[in-house]
Each structure stands twice: as structure tokens, then as C-alpha cells.
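Student: Starting from these lines, generate the structure:
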Amino acid sequence: MIRNDLFSLLVRYHIEHNLPPSLPHVTRRSKLRLPNGGLSVEGATENPYQQGLLIIADGETLADRLQKTRVILGGVPEFQKIADWESFRNYLESQDGVDGAYLMDTVNGRIAHVVELNNNPDNTEPLELSDLLPDNFLSCDGNVPVSNVGTKTRLALRLPRAYSTGQERVEALQIKRTAYLSLGIGKVTRITPEGLAEEFFFEHDPNPKSEGPFINKKYGIVGIHRTYERTPEGELRVATETRVDPQDFGIEPTPRRGWGVALGCAMKYVVSSVLVYMSGSTAQTAISNVMSLLK
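Tutor: The predicted model follows:
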């Protein structure tokens, strides 16, 4: 497996492993409902139904260098061979869905789980977040400042800059749990020493006549892939933005749920009509309970 495959593998893992457990909690208005009954807030709340992770990718010497500078705390990471998509997926699933950090030896195709990382290593320089991330990194409208990014994202920005050498270029790849857009599901990112290089996120397409391609047509969910570049003035900007075709990953899209929406509306009408014959607060309580289930 080579470095260029790693981002695609994470995108596929995000689609197949993180999206399905989130879908039962997506309302008919395409909002993610949290366990406490509230709705997710873009750039603020974390999706409790998905796995998050951070992979630091480099050549053969990264683990030794991170241990010597006490970025890796605890014992020596145990590497396992990763040969293809199946072995990559099986390895991450074997971690029991725990958020964690991993080292990827891209030369020998090996991965290791890091039990504990020093989130503030001494040998890293202060971060100018606005130089390394676009304004809309945490929220589509840019209203949530990039200064709100968490410790894992800050580490993902620090390590490539501190540990890249002429022979080995470090990159950080992350599946974030922080809600992005209304669906409330995190994004996949790849960060180089120059900052954000590319990202993938889910978006809701409400147009019933849209031809996609869809990641999940039943819910009207599309996948967006963005790459970034520097302007001559040094600003980070979007270079390309495309919709991802799930069949590129060997994933078959699901059919649209148009009949399901119609059925939900019909059930609301029938239930409301029947409950007309019930009196007072009993009818109102029953209607409220049923409507909440159909949202």
C-alpha cells in the first residue's frame, strides 16, 4: 500500500463504517439527533455514533523519532502489516471503535496503534491556524473560527511541519467527529506540512430530481471531495471540488427513499385524523409522540 491510497482508504472506511450507524439518527429534515434529544451543532458538537481517528504517515523512522522526542508516550507501538482494503478495515474495526491515534509506515505497509500521545510536544513551533486551514474548515459559512479546532487537529498540523525531512515527508490524516454541515457527521482530512491538502465530507442534496452521484440515495446524501492549493499571495483556497461516486470504491448506492417520505406524510395525516376523535390533552400528547417518531 502506498501513501496515495491512504486517504481513499479512510474515505471508504468513513462511508462504510461511520455513515450507517449515524443514519438511524438523521431526521427527515436531515439533522443529526443526539442521544439527549437535541440536534447536532455544526462545528461544535461531536457525532457520538461514529469513530474518529488520527493517522500520522511517514517512512520507516517516524516511530523512533517520535519516541526519542517524547511525542509517543508509553511502550513501543506494535506494528501490523496492511496489504489491502480488507486488512486495513479489519485492523481499524479490531480497535473496538475507540478513538485513537495511529502510525503508518508507508514504506513497509505497516500500522500501529499509539496508546498515548503528547498533545503539546516541545519541539514544535507555534501554529498560525489561519495560514494552514481555510476559514470554512469547521463550518460551511465560516462563522466558527478555526481557532476552535481540537487537540487532535492541532497535533495533525504540528507533526508534519516538525518531523518532515528531505527523505521522509510526514502527513496527518484524520476522521473528525466534529459535526460538519446539517447532517452532523465529521469529515476526512489530509494535512501536509503546508496545511490542509484535501478533505471529504457528507452533504444533503434535497433535490428529488438530482442524478447524484449519491453516497446514500435513500437519504439524499452525497460525498464532496475538495483539494486545496496556495494562491500566488500564499492564501489557501479550493483547487477542485467534486462529488464522489461510491462505485469508485466498490460501494453500491442505495435507492432513494421517495416512497418512504410519502408514507411518513400519509401516516401523519391518518394518525391526525384518527386522533380527532380523542379528546383534549390525550389527543395532543399522542399526536406529539407520534410526530416526533416520524421526524
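
Student: For the rest of this, base every contact and every neighbour count on C-alpha atoms.
Tutor: Fine.

Student: Quick check: buried residues in stretch 38-51?
Tutor: 39-47, 49-51 (16 or more other Cα atoms under 10 Å).

Student: which one among those gets closest to Leu132?
Tutor: Nearest to Leu132 among those: Gly43, at 17.3 Å, using Cα to Cα.

Student: quick one: secondary structure of the nearest residue to that closest one once chain neighbours are set aside?
Tutor: Spatial nearest neighbour of Gly43, chain neighbours left out: Leu138 (4.8 Å); criterion: Cα to Cα, 6 or more residues apart in numbering. Under DSSP: H, G, I helix; E, B strand; the rest coil, the three-state class of Leu138 is coil.

Student: Spit out the contact partners of Leu138.
Tutor: In this structure, Leu138 makes contact with 42-43, 144-146, 149, 178, 180, judged by Cα atoms under 8 Å, 6 or more residues apart in numbering.

Student: related to what we said a few turns ago, any chance of the buried residues of stretch 38-51 in TSV with distance to Phe200 and secondary structure as columns?
Tutor: Formatted as TSV, those follow (distance: Cα to Cα, whole Å; DSSP: H, G, I helix; E, B strand; the rest coil):
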residue	distance to Phe200	secondary structure
Leu39	22	strand
Ser40	19	coil
Val41	19	coil
Glu42	16	coil
Gly43	15	coil
Ala44	18	coil
Thr45	18	coil
Glu46	17	strand
Asn47	16	coil
Tyr49	18	coil
Gln50	15	coil
Gln51	15	coil
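
Student: Which pair of those residues spans the longest distance?
Tutor: Leu39 and Gln51 (18.7 Å).

Student: Touching whichever strand or helix holds Ile56 from outside, list them.
Tutor: Element membership of Ile56, judged by DSSP states H and E, is strand 53-58. Here strand 53-58 makes contact (Cα under 8 Å, 6+ apart) with 3, 99-107, 152, 156, 159, 168-176.

Student: So which of the residues you listed belong to strands?
Tutor: The members of these that map onto strands under DSSP state E are 100-105, 171-175.

Student: can you give me the helices in the stretch 1-150 of the chain?
Tutor: Ranges of helices within the stretch 1-150 of the chain are 3-13, 19-22, 62-68, 85-93, 129-132, based on DSSP state H, counting those that start in this stretch.

Student: hmm, which of the ones in strands among the contacts of strand 53-58 are the buried ones?
Tutor: For the ones in strands among the contacts of strand 53-58, buried by 16+ other Cα under 10 Å: 100-105, 171-175.

Student: can you name the two of those residues that are farthest apart?
Tutor: The widest separation within those (Cα to Cα) is 18.5 Å, between Asp105 and Ile175.

Student: buried stuff in stretch 101-117?
Tutor: Buried residues in stretch 101-117 (16+ other Cα under 10 Å): 101-106, 109-114, 117.

Student: With stretch 200-207 instead?
Tutor: For stretch 200-207, the buried set under the neighbour-count rule, 16+ other Cα under 10 Å, comprises 200-205.

Student: centre of the chain versus it, how much separation?
Tutor: Chain-centre distance of stretch 200-207: 13 Å, with Cα atoms, centre = their mean, to the nearest Å.

Student: Just the CA trace of that stretch, in CSV.
Tutor: This file holds the C-alpha atoms of stretch 200-207, laid out as CSV (Å, rounded to 0.1, in the frame of the first residue of the first chain):
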residue,chain,number,x,y,z
PHE,A,200,-14.1,14.7,2.2
PHE,A,201,-17.5,15.3,3.8
PHE,A,202,-21.1,14.3,3.5
GLU,A,203,-23.8,16.8,2.3
HIS,A,204,-27.5,16.5,1.9
ASP,A,205,-28.9,17.1,-1.6
PRO,A,206,-32.7,17.9,-1.2
ASN,A,207,-33.4,18.0,-4.9
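
Student: contacts for it?
Tutor: Here stretch 200-207 makes contact (Cα under 8 Å, 6+ apart) with 11, 30, 180-183, 185-189, 219-226.

Student: Alright, I will stop here.
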